[in-house]
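*Asks:* Sharing a sequence plus its predicted fold:
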Amino acid sequence: MSYNSGGMPIYLLILTVLVFIILLIMAAIRPRHSTLNIFELERRAGIGDYHAEKALDREKMLGDIVSLQRVLIAVTQVIVVILSELTFGIYFGILVAFIVALVYGSIARLGIIKKLAQKIYNHSERYVLKFIKKAPILVKFLRSAPMSTGSHVLHIDSRQELQHLVAESDGVLTPEEKKLIVNSLSFNDQLVSNVMTPRESIYSIKKSEFLGPLTLDDLHKTGFTRLPVISSDIDHVVGILHLEGLLALDIKRSSTAEKVMEPKVFYIHESQTLQHALTEFLSTRHYLLIVINKDRHTMGLLTLTDVIEALIGRKIVDEFDNHDNLREVAMRNPHGNNHPENHQDV
């Protein structure tokens, strides 16, 4: 048949081009997952959210949508091959069909094609979903893509990724809630040395000190409820003095710190984690731990409040707190060490 005998080849040429365009559109369609995971969609659907119900329905059938798309692309490719042979002859037609198979995927990624394809799909998706529901046996037979489980949203590969998701969850969590979650996730990575009261800021009392009225007044002015009791220096802690218990002390008969202190002292290494420290606080039922290094020198002290503040990400200030940041106190040299009136640092 010649190209001038009745115009049939021109008709076939136009039909081939149209089918090729259909192939491009189907290849450019990208059915997308919901931005919400299956759990959240089910939760919202359970409280009567109509849009969540539709999204959940669609999400569960997304695998079948992709399977049907693959089938239609394959069928359309076959039609293109047949039309190419009818239009251009067997040899040249096979060459055209081969070229189409190589380039249609790249052409389908062009922005204008993708935009047109997505617009067509958005308008026809409800009909596709109805077909899937009405022909479950056929759809199951054609199924080649796995059914969706929503794992594309739930799968998290690291704690850092989860922290990032929490930090970016504006509108879902309040700033306080985000801070609490982020601090909780990093809690076990924090060391005792990061939150302890440093050695330079420790207020202590010698075991031989008499607890007269003036001494008691000075102790209460520190703002602390517990103080380490030392023998010779801060590297020799022998007990813990509970200031609340001194309120009932008979000031007419002054006692030494050694007589009223709690002799049991608990130590923790500066390289331990806060998770370990919290466990020890709970098991020992003590509020204060002395922090030591490998040589058992006192490096600081750690309280249960310090650990809880690190966990929740904010300060806990009560009526006994005179200082919000004990590290700043250390920088200000609260004990006046090597700080005479006419001193000079060089």
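*Replies:* The structure has been received and is ready for your questions. Numbering: from 1, shown residues only.
*Asks:* give me the low-pLDDT residue ranges for the stretch 101-250 of the chain?
*Replies:* 145-159, 161, 171-172, 245, 247-250 (pLDDT under 70).
*Asks:* Do a quick rundown of the strands in it.
*Replies:* Assigned by DSSP state E, counting those that start in this stretch, the strands in the stretch 101-250 of the chain fall at 197-198, 205-206, 226-230, 237-242.
*Asks:* okay if I get these as TSV plus mean neighbour count?
*Replies:* Where you see a C-beta, it was placed from the backbone N, CA and C, and this is true even at glycine. As requested, the strands of the stretch 101-250 of the chain are exported to TSV (neighbours: other CB atoms under 10 Å):
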stretch	mean neighbour count
strand 197-198	18
strand 205-206	18
strand 226-230	22
strand 237-242	19
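*Asks:* So for whichever helix in the chain runs longest, mean pLDDT?
*Replies:* Assignment by DSSP state H gives helix 62-88 as the longest helix of the chain. Averaging pLDDT along helix 62-88 yields 91.
*Asks:* Which strands and helices lie in contact with it?
*Replies:* helix 8-28, helix 90-108, helix 111-134, helix 136-142 (3 or more CB pairs under 8 Å, 6 or more residues apart in numbering; DSSP states H and E).
*Asks:* List the buried residues in that helix.
*Replies:* 62-69, 72-73, 76-77, 80-81, 83-88 (16 or more other CB atoms under 10 Å).
*Asks:* From residue 270, how far out is residue 294?
*Replies:* Here residue 294 is placed at a distance of 9 Å from residue 270 (CB to CB, to the nearest Å).
*Asks:* More neighbours: those two, which one.
*Replies:* residue 270 (18 against 8; other CB atoms under 10 Å).
*Asks:* show me what contacts the residue lying closest to the more buried one once chain neighbours are set aside?
*Replies:* Nearest non-adjacent residue to residue 270, counting by CB to CB, 6 or more residues apart in numbering: residue 193, 4.2 Å away. With contacts defined as CB atoms under 8 Å, 6 or more residues apart in numbering, residue 193 is in contact with 270, 271, 291, 299, 300.
*Asks:* now do residue 296
*Replies:* Residue 296 neighbours (CB under 8 Å, 6+ apart): 235, 267.
*Asks:* where does it land in three-state SS?
*Replies:* coil (DSSP: H, G, I helix; E, B strand; the rest coil).
*Asks:* State the pLDDT value of it.
*Replies:* 91.
*Asks:* Adding distance to residue 135 as columns, could you present the strands of the stretch 101-250 of the chain in JSON lines?
*Replies:* Below are the strands of the stretch 101-250 of the chain laid out as JSON lines (distance: least, CB to CB, whole Å):
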{"stretch": "strand 197-198", "distance to residue 135": "72"}
{"stretch": "strand 205-206", "distance to residue 135": "85"}
{"stretch": "strand 226-230", "distance to residue 135": "75"}
{"stretch": "strand 237-242", "distance to residue 135": "77"}
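*Asks:* so which of those strands gets nearest residue 312?
*Replies:* Closest approach to residue 312 among the strands of the stretch 101-250 of the chain (CB to CB): strand 197-198, 18.2 Å.
*Asks:* Who are the packing partners of the closest one?
*Replies:* strand 298-303, helix 326-331.
*Asks:* These: lowest mean pLDDT?
*Replies:* helix 326-331 (a mean of 50).
*Asks:* any idea how the protein splits into domains?
*Replies:* Per automatic domain parsing, the structural domains of the chain span 8-154, 159-184, 192-331.
*Asks:* ok, residue 73 - contacts?
*Replies:* By CB under 8 Å, 6+ apart, the neighbours of residue 73 are 23, 26, 27.
*Asks:* Identify the residues contacting the last one.
*Replies:* Pointing back at residue 27 there. 73, 104, 105, 108, 117.
*Asks:* Excluding chain neighbours, what is closest to it?
*Replies:* residue 108 (3.9 Å).
*Asks:* Ok, residue 143 next?
*Replies:* Once chain neighbours are set aside, the closest to residue 143 by CB to CB, 6+ apart is residue 67, at 4.7 Å.
*Asks:* tell me the phi and psi of residue 168?
*Replies:* Per-residue torsions, residue 168: phi -90, psi 10 (degrees, to the nearest 10).
*Asks:* any idea how far it lies from residue 187?
*Replies:* 20 Å.
*Asks:* quick revisit: I'd assumed residue 115 was in contact with the residue nearest to residue 27.
*Replies:* No - in this structure residue 108 lies outside contact range of residue 115 using CB atoms under 8 Å: 11.7 Å.
*Asks:* These two - which one has more neighbours?
*Replies:* Each of residue 108 and residue 115 has its neighbours counted (other CB under 10 Å); residue 108 has more, 19 against 11.
*Asks:* mind listing what the residue nearest to residue 27 touches?
*Replies:* Counted by CB under 8 Å, 6+ apart, residue 108 has contacts 24, 25, 27, 28, 114, 117.
*Asks:* Kindly recompute the last result at 10 Å.
*Replies:* Counting by CB atoms under 10 Å, 6 or more residues apart in numbering, residue 108 makes contact with 23, 24, 25, 26, 27, 28, 29, 30, 73, 114, 117.
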